[in-house]
Structures are given as structure tokens and as C-alpha cells.
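A.B. asks: prediction below, plus the sequence it came from.
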Amino acid sequence: MPFIDHNEYETKRGFNYKFVALVLGLLSLFQTIFLLICLGVSLHYHDDGFKALLTTIGLNFVVGLPLALYGKGQNSYDTGRREGMVTVTLSWVLTSLLGMMPYLLGGFIPNVSEAFFESMSGFSTTGASILTDIEALPRSILLWRSITQWIGGIGIIVFIVALVPFAGESASVVYDHETTGITHDRFVPRIGVMAKWIMFIYIILSILCVLLLWAGPFTLYEAVCHAATCISTGGFSIYNQSIAEVNSDYIIIVLTIFMLFGATSFTLIYFATVRKEPKKLFRDSEFRWFISIIVVISIASALWLYFGEYYTSFPQALEHATFQVVSLFSTTGYVIQDYNFWGAPFWIIALFLMFVAGCSGSTSGGLKTIRFSILTRNLLNEFTRRTHPQAIVPLRYNGTVVKDKVITQVYNFFYAYLTLSIIATFSISLEGYSFTDAVSASIACISSSGPGLSAFGPFSNYASLGDFNTFLLAFLMLVGRLEIFTVITLLHRSFWRN
């Protein structure tokens, strides 16, 4: 076995169904922990979510236990790329299917397509909603809705890799297909150790966010719900008007800070905090691009809002512009004002921010700043090549030459991202929606941003969509969260050959 080429072995061996079953089973059982927390909240508030949550817990055991028992004793070394992609994709689909049950069984969202949409929107940290009256839901169900984003923010696979002692390749094949970005800096010896550090940082940041929000005008319940959707850059709120209903500068500042944390690479946060090397954070090219874009666009937006007489106070214009820019760029999707009325220039800015989004290795979605940086630098290098055809103009990132293979992957990702957005835009437009409606909904869902523009704007929802497009946008959420190729590759015949 050690002398066989990995690619040759990957082709000759059979598919490890037990490994896939084990992970799916463990995830189903793992989900019950959070459902039990929501069940306790339901008992405390005596709300209407108890039966739906209890039944969902039973369903998780019925599904999870047989799968886990079937996968028990699987050969942890006999896994590869195929198992990784199938496991990650099915994990998100199964988790979303089970996660929609509290909405469906409780009658809070009686339509299957809409319940699945809401659940996938939660786990993928998209934040798009079909609910017309969020505040009408029981507190326990709203907590579950927020928790789905907290779980999805760090990645449901990361929990399993961190908590279950997978060996070697088994951990890496599932971890690599879920993490975001074009590089995965393995700053610790083993994937399991990396996942534990990421989970630890994520939990600490979540607790800090809860405490700071609770120290302000939020109750503990409000603080937990919003902290869960803030650090995960998910954007679900327990209010119909999102953060616009919160009249507190303190809350706005705290949420802005933690949205920035969520959209920053957790690898860099690890170096800056655990290893006490903050210089790595500020020397990182992607992080500098990320912060620069936020600063420039926030100031420009504030000037536009102030001189355009949308605001009479420049400090308030700057505060609201910064919050909304960070919310859009981190793909959180919180709303502080109805930016449908901020004019066409801000609409263009909003689409750009949603499209590009945060840093690789963070909880945010979108194209990622590192890919945008590479595309931009390569474009600028092309001008030099045109002027000096014989010149060798390498593209560098953090002082290292970026390989042609990586540049090709970035362009392929960009092309796939655009193609899927165009297909969804066309499909939505067939229902009679305007181009602005359709394109903003497509970009908002594939980038995990949530609210779009116009009919799908800040204070609107996706309830008016037909079943087909509801499922299509849910698919876009899944594809966008898993970096497109993890899911799309499963649809190609070469994946299933041999």
C-alpha cells in the first residue's frame, strides 16, 4: 500500500461508504445537543416550540444512530477526495433537512421548500429569510434559528474533526473541502489540532460578544441570539427590522467589531492572539486589502449620504455607513437602514461588497478578498506584459510568487461564480422580477449575504418566490458556502467513473 501512487490507489479502491455514514450519523446526534438547549428555553418561556423541538430530537436519533452504528469501525485511512466531497456536501444537506423540522413540524413555516430555504440560509450563514413576521415565532424557535448560523459559521465539519479522533487523511479530506479560500495554512501539526484551536477561538469570541451585548441594553436572550449570528456573519435577527429596531450606538459598535472578527481569517487571529504575533495580521496582504476597502468605502458612503442629504449629521452618517459596509462586506446581512433609499450609487457599492466579501479562512462568504486581490494584480501585470512582451512579471502574495495553477483556479472559480449567478438571475427573472431584483437575489444567496436589493431588499423577504426558485437559491447558498467546486464536482460524470 505505501508504494502505490495515491492517485492510482484513489482510482482502484472502492468508495468508503462507512466513513460517510459515520460522519453523517455523528452530525445528526451532535445536533441534538443544541436542540436540547432550545427545548430548555421553550420550557422556560412556556412557548409553542416544545413539541416540534422534541419531535426533531427524536428524528435526529432515528437518523443518526443507525448511520453511526453502520459506520463504526470504518478504516479511517481508506478515504480520499471523493469521500471528502460527498461527506461535506451530504453533511450540509442532511443537517439542513433535519434543521428545518422545528419550522415544519411546528407549523411556523408549513411549506417544505420555504422551511428548507430558511434552514439552509441558517446553516450556510446566508441570512436570507422567507418569514414575513419574525417576531411572531416562539423564542425557542428563534433561538434555534440563530444557533443554526452559529453552527454553520465555524462549519459543521470542523466540530466533528475537533471532537472526534479521526486519523490522518480522514480529517484532512473533509476539513479541506469545507474551509474557505485558496490556501489553507496548516499552522499546527495536525488537522485535528487546528480544528480545536479554531473552535476555541470561535467560542471565546462568541462568549465575549454575548457579554458585551448583555452589558448594553440587550437582555441575555437578545445578546445570545445576536452574538450567535454576528460572529458567524450570518445576520439573522429576532426583530422584523433587524438592527434598525435597536436604538443604541453601543450595540452598533459592538456588532461592527465582531462582524470584523468573523470576516477575518481565523488563522491570522490565532497568530495574533495565541502565538502573540500580531505583526502577521497586519503584514498579511489579504487583511490589508480587506481593511483598506472597508475604510475607503465607508468614508465615501458617509460623504455620499451626508452631502446627498440622506443624513443631517455626518457622525451618524459615518456610523451607519460603516456598519452597513461592514455588514455587507462580511456577508453578515444586518440592516441598520433601508439602503434601498440610499440611491443607485450605494446599490452598486452594495453589490460589489456582497460579491467580493471577506477573508479566506473566515466565516464570511463571497468571492473572498484574496481572489479579488489576485484578479486585480494580475490585471495590472497584464498592462506591463503588453508594454514589455519579453518581461517576466511574477504575481506575488505576501512576498511569495503565486503559481500559475493557483491563478488558473482563481479564474475558474470566478467564472463558475459568475455563471451560477447568471443562471439564477435568469430563472428568477422568469417569474416577472426586474433585473435588479433577480441579480441582487442571486448574488446575495451565492455570496451568503442574505438581503439583496429592491423586492428582496433590507426590509423585504424571499416569501414571494415560487418553489423552484426557492430551492434554486437554497442550492446557491450551499454551493457558495462550500466554495462551489466541492458540490458541482459531484455532478460531473468523471467523479463517479471507476
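C.D. replies: Perfect, thanks for sending it. Residues are numbered from 1 along each chain as shown.
A.B. asks: and the gap between residue 490 and residue 460?
C.D. replies: Taking C-beta to C-beta, to the nearest Å as the measure, residue 490 falls 33 Å from residue 460. Every residue, glycine included, has its C-beta placed from N, CA and C.
A.B. asks: do residue 403 as well
C.D. replies: Taken as C-beta to C-beta, the span from residue 403 to residue 460 is 44 Å.
A.B. asks: then residue 292?
C.D. replies: In terms of C-beta to C-beta, residue 292 sits 31 Å off from residue 460.
A.B. asks: so between those two, which is more surrounded?
C.D. replies: residue 460 (18 against 11; other C-beta atoms under 10 Å).
A.B. asks: so what's that one up against?
C.D. replies: 451, 454 (C-beta atoms under 8 Å, 6 or more residues apart in numbering).
A.B. asks: and it, how far from residue 335?
C.D. replies: Between residue 460 and residue 335 the distance is 10 Å, computed by C-beta to C-beta.
A.B. asks: mind listing the shared neighbours of the two?
C.D. replies: residue 451.
A.B. asks: for residue 404, see how far away residue 422 is.
C.D. replies: From residue 422 over to residue 404 the distance is 27 Å, taken as C-beta to C-beta.
A.B. asks: immediately after the helix or strand bottoming out on mean pLDDT in the chain, which helix or strand?
C.D. replies: Between all helices and strands in the chain, the lowest mean by mean pLDDT, DSSP states H and E belongs to helix 6-12, at a mean of 49. Heading C-terminal from helix 6-12, the first helix or strand you meet, by DSSP states H and E, is helix 17-45.
A.B. asks: for that next one, name the packing helices and strands.
C.D. replies: Here helix 17-45 touches helix 50-71, helix 81-99, helix 139-154, helix 156-163, going by 3 or more C-beta pairs under 8 Å, 6 or more residues apart in numbering; DSSP states H and E.
A.B. asks: what's the closest of those helices to residue 476?
C.D. replies: Proximity to residue 476 (C-beta to C-beta) singles out helix 81-99 among the helices and strands packed on helix 17-45, at 12.9 Å.
A.B. asks: taking helix 17-45 as reference, get the angle to that closest one.
C.D. replies: 20 degrees (axes from the mean of the first three to the mean of the last three C-alpha atoms, to 10 degrees).
A.B. asks: with just CA atoms, put the helix or strand that helix 81-99 is followed by into CSV.
C.D. replies: For helix 81-99, the succeeding helix or strand toward the C-terminus, using DSSP H and E, is helix 101-105. Output of helix 101-105 as CSV, limited to C-alpha atoms (Å, rounded to 0.1, in the frame of the first residue of the first chain):
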residue,chain,number,x,y,z
MET,A,101,-38.1,20.2,11.1
PRO,A,102,-38.8,22.6,14.0
TYR,A,103,-40.2,25.1,11.5
LEU,A,104,-42.2,22.5,9.6
LEU,A,105,-43.5,20.3,12.4
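A.B. asks: packing partners for helix 101-105?
C.D. replies: helix 50-71, helix 112-123, helix 139-154.
A.B. asks: what about the strands in the chain?
C.D. replies: In the chain, the segments counted as strands under DSSP state E are 396-397, 400-401.
A.B. asks: residues contacting residue 224?
C.D. replies: By C-beta under 8 Å, 6+ apart, the neighbours of residue 224 are 143, 146, 210.
A.B. asks: closest one to residue 456 out of those residues, please.
C.D. replies: Among the contacts of residue 224, and counting by C-beta to C-beta, the member closest to residue 456 is residue 146, at 21.3 Å.
A.B. asks: wait, that closest one touches residue 222, no?
C.D. replies: No: using C-beta atoms under 8 Å, residue 146 makes no contact with residue 222, being 10.2 Å away.
A.B. asks: where do the contact lists of those two overlap?
C.D. replies: Counting by C-beta under 8 Å, 6+ apart, the shared contacts of residue 146 and residue 222 are residue 238.
A.B. asks: which one's more surrounded, the two?
C.D. replies: residue 146 (24 against 19).
A.B. asks: distance check, that one against residue 123.
C.D. replies: Residue 146 is 12 Å from residue 123, by C-beta to C-beta.
A.B. asks: more neighbours: residue 422 and residue 404, which one.
C.D. replies: residue 422 (13 against 10).
A.B. asks: which ones are touching the more buried one?
C.D. replies: residue 442.
A.B. asks: just the pLDDT for the residue lying closest to residue 104 once chain neighbours are set aside.
C.D. replies: Excluding the flanking residues, the one nearest residue 104 by C-beta to C-beta, 6 or more residues apart in numbering is residue 115, at 4.4 Å. Per-residue pLDDT puts residue 115 at 96.
A.B. asks: repeat for residue 73
C.D. replies: 70.
A.B. asks: and it, how far is that from residue 23?
C.D. replies: For residue 73 relative to residue 23 (C-beta to C-beta), the value is 14 Å.
A.B. asks: neighbour count winner among the two?
C.D. replies: Set side by side, residue 73 and residue 23 show more neighbours around residue 23, with 29 against 9, by other C-beta under 10 Å.
A.B. asks: so the more buried one sits against residue 87, correct?
C.D. replies: Yes: between residue 23 and residue 87 there is a contact at 5.1 Å, judged by C-beta under 8 Å.
A.B. asks: was I right about residue 407 contacting residue 381?
C.D. replies: No: counting by C-beta under 8 Å, residue 407 sits too far from residue 381 to count as a contact (10.1 Å).
A.B. asks: which residues do the two both contact?
C.D. replies: Joint contacts of residue 407 and residue 381 (C-beta under 8 Å, 6+ apart) are residue 395.
A.B. asks: what about the closest residue to residue 366 other than its chain neighbours, how many residues nearby?
C.D. replies: Take residue 366 and drop its neighbours on the chain: the residue closest to it by C-beta to C-beta, 6+ apart is residue 357, 2.2 Å away. Residue 357 is flanked by 29 other residues according to other C-beta under 10 Å.
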